[in-house]
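Colleague: Pasting the sequence and the predicted coordinates here, then a few questions.
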Amino acid sequence: MAEENLLDTLFVVGCALVVFFMNAGFCLLEAGLCRARNAASVLAKNFAVFGVAALAYWAVGYGLMYGGSEGALGGLLGTSGFFPDGAGPSPAPVPQAAFFFFQLVFVATCASIVSGAVAERTRYLAYLAFCAFCCAIVYPVVGHLIWGGGWLARLGFVDYAGSTAVHATGGMAALVGAWRVGPRTGRYDERGRPRALHGHSLSLATLGTCILWLGWFGFNAGSGLAFDATALRVVLTTALASAAGVVSSTLTAWWRLGKPELTMTLNGCLCALVSITAGCAVVTPAAAVAIGAAGGVLVVLAVPLFDRLRIDDPVGALSVHLVGGVFGTLAVGLFAHPALGESAGLLHGGGARLLAVQLAGVLSVLAFVGAASHCLFAAIRRTIGLRVDAESEAIGLDRAEIGVPAYGEDLAGAAATGGRVRQRGFYLRPAPGRGGRAGHPAMARTPALQPREA
C-alpha cells in the first residue's frame, strides 16, 4: 500500500471510529429527553441497533448499495458484492475493509434516528425488526441512487455526506413510524392541545449532543475518503454552520418562547449540522454560516408544527433530521460555489438546474422511504405488534420490556402502580418506609421527593 493511500486509509478508519462514537451520543441524548421510566429501553434500543445494522448491511445492504450496477437495475440498486470479506474490490481509493466500516457506521446512524421519534411506546422487537429492514433494504437503495452510481448520481445530485441519504431518509422513516405508532398516552388533551412530558435529564441530553457534535466532524470530513484540502475545508464549514445554528436557535427560542430554552439550543445545533452535511464541501464559509443559522431557526419553528399535527416526537428527531435534511439538500442548489464543485448554485450564476435536481432527488427519496416504511410498519403492526399495551406504557418500558430500571430502585415507577411493579410474573415491592407499610413507599407521602415526570 502506497504511503499516500495508507494515510487516507488511516484517516477514513479514524473518522469511522469517531462516527461510531456517535452511538453514545444518540443513547444519551434520547435517554435524557425521555422520562426516567423509559431510559433503559431507549439505551437498549440504541445500543442494539449497531449489531442489527452491521449484520443486515453486511449480508444484503452493502451489495445493494455498492454492488455492480450494470443492466436494467443499475440505476436503482446493486446486484452483487453481498457478504463482503474486506479483501474484494473497493469503489474508493481505500481498501474494502476500511470503506465498508465507514459505510457501516453511517447506516447505523440512519437507523438510530428512528428510535427517538417512536420512543416510550414502541415495542423493542418491533423497533429491531424495522432496523433490520431499513439497514438491509431502505437505506442501501437510497445510498445506491445517490452514492453508488444510481440515477440521481448520474443527474448530478449533490449530497456530500448525507443530508438526504442519511438524515432525510431516517427522518422520513421516523415520521411514518411516529404516525403509525401514535402519540404517547397523555401527550395531547381532549382538544388536541399538546401537554409537556418533560425529559428526565438535560445533563444527559447536553452531553449526548456534545458527543454528536464531535462525531459530525468525522461524519462530514471523512466522506471524501481522503485526507486532503477538501477534508480540512469541510471541518471549517461544519464548525461555522454548527456555531451559527447554536446562536440562531437560542435567539429564536428566546424570541418565541420568552426564554432561551435549552432543548431548542441543542436541537438547533444538530439541525445546523444536518443542514450543512450535504454541501459542506461545495459552499464557502460565509454560506455555511447562513445555512447553519437558517437550520437553527427552522428547528424552533418545526417542533410546534409537528405538535399541531399531533405527531408526537419526544426528542425532536423529525425537526432535526427530516426538516434539516431537506433544507440542507436544497441549500446546495442555492449556495454551491463553482470553484468548489462541478456545479454552481442559483446564487452563484448556475441557474436553477442544480436546485431542480436537488428537489427532484429529495422528493424521490422521501416518496420511496415513506412508502417502504409505511408498508413495513403496517406489517409489523399486524404480526408481532408495534405498540406496547397501556399497562406497559404506564409503568414504563424499562420494567415492562427490558426487565430492569435505568436507575436501580425505580421509585417513580413503583409510585405509578400503587407501590408494586410487575416484572415477568412477579412483583417488585419497595421497602416499607417510615410510617408506611409494604407496597406503599414513604415517598408516595412526600411529594417533594417525587420527580415531576415519572
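Modeller: Now that the structure is in, tell me what you want to look at. Numbers count the residues shown, from 1 in each chain.
Colleague: Tell me where the model's unsure across the stretch 101-250 of the chain.
Modeller: With pLDDT under 70 as the threshold, the stretch 101-250 of the chain has no low-confidence stretch at all.
Colleague: where along it do the helices fall?
Modeller: Per DSSP state H, counting those that start in this stretch, the stretch 101-250 of the chain carries helices over the ranges 124-133, 139-146, 151-155, 169-181, 202-221, 229-257.
Colleague: Which one of these lies nearest to residue 116?
Modeller: For those, the distance to residue 116 is smallest for helix 169-181, at 7.4 Å, taking CB to CB. The way it works is simple: take the backbone N, C-alpha and C, and place the C-beta from them, glycine included.
Colleague: Could you list the domains of this protein?
Modeller: For the chain, whose domains are defined here by automatic domain parsing, the residue ranges read 3-382, 390-449.
Colleague: Tell me the buried residues in stretch 52-71?
Modeller: Buried residues in stretch 52-71, defined by neighbour count with 16 or more other CB atoms under 10 Å: 52-54, 56-58, 60-67, 69.
Colleague: avg pLDDT for it?
Modeller: Averaged across stretch 52-71, pLDDT comes to 88.
Colleague: residues in contact with that stretch?
Modeller: Contacting residues not belonging to stretch 52-71 are listed as 74-75, 77-84, 91, 100, 103-104, 107-108, 111, 128, 131-133, 135-137, 139-141, 143-144, 147-150 [CB atoms under 8 Å, 6 or more residues apart in numbering].
Colleague: In strands only, show me the residues you listed.
Modeller: Where the contacts of stretch 52-71 are compared with strands, as defined by DSSP state E, there is no overlap at all.
Colleague: isn't residue 41 right next to residue 393, touching?
Modeller: No. No contact is recorded between residue 41 and residue 393 when judged using CB atoms under 8 Å, the distance being 10.8 Å.
Colleague: Could you pull out the residues contacting both of the two?
Modeller: When contacts are counted by CB under 8 Å, 6+ apart, the set common to residue 41 and residue 393 consists of residue 120.
Colleague: Looking at the two, which is more packed in?
Modeller: More neighbours sit around residue 41 than around the other of residue 41 and residue 393, counting by other CB atoms under 10 Å; the figures are 28 against 19.
Colleague: now residue 103: how far from residue 228?
Modeller: When CB to CB, to the nearest Å is the yardstick, residue 103 and residue 228 sit 20 Å from each other.
Colleague: right, I mislabeled it, should have said residue 29
Modeller: According to CB to CB, residue 29 stands 32 Å off from residue 228.
Colleague: Repeat that for residue 163.
Modeller: 22 Å.
Colleague: Next, please give the residue ranges for the strands of this structure.
Modeller: Taking DSSP E as the test, the strands found in the chain are 421-423, 426-428.
Colleague: Worst mean pLDDT among the ones you listed?
Modeller: Comparing the strands of the chain by mean pLDDT, the weakest confidence falls on strand 426-428, with a mean of 36.
Colleague: quick revisit: winner for burial among the domains of the chain?
Modeller: Mean neighbour counts were taken over those using mean count of other CB atoms under 10 Å, and the top value, a mean of 21, falls to domain 3-382.
Colleague: quick one, what contacts residue 245?
Modeller: Neighbouring residues of residue 245 by CB under 8 Å, 6+ apart: 268-273, 275, 292-293, 295-296.
Colleague: of all those, which two lie farthest apart?
Modeller: So for the contacts of residue 245, where distance means CB to CB, the most widely separated pair is 270 and 293, at 14.1 Å.
Colleague: Grab the most central residue of this protein for me.
Modeller: By CA atoms, centre = their mean, the chain has its centre lying nearest to residue 113, at 2.3 Å.
Colleague: wait, doesn't that one sit right on residue 175?
Modeller: No. In this structure, residue 113 is not within contact of residue 175 by CB under 8 Å, at 10.3 Å.
Colleague: For the nearest residue to residue 127 once chain neighbours are set aside, give me its contacts.
Modeller: For residue 127, ignoring the flanking residues on the chain, the nearest one in space by CB to CB, 6 or more residues apart in numbering is residue 45 at 5.4 Å. With contacts defined as CB under 8 Å, 6+ apart, residue 45 is in contact with 115, 119, 124, 127-128.
Colleague: Tell me how far residue 45 lies from residue 51.
Modeller: Residue 45 sits at a distance of 11 Å from residue 51 (criterion: CB to CB).
Colleague: got a list of what the residue nearest to residue 199 when sequence neighbours are not counted touches?
Modeller: With CB to CB, 6+ apart as the measure, residue 33 is the residue that lies nearest to residue 199, at 3.8 Å, once sequence neighbours are left out. For residue 33, the contact set (CB under 8 Å, 6+ apart) comprises 116, 199, 205, 263, 314-316.
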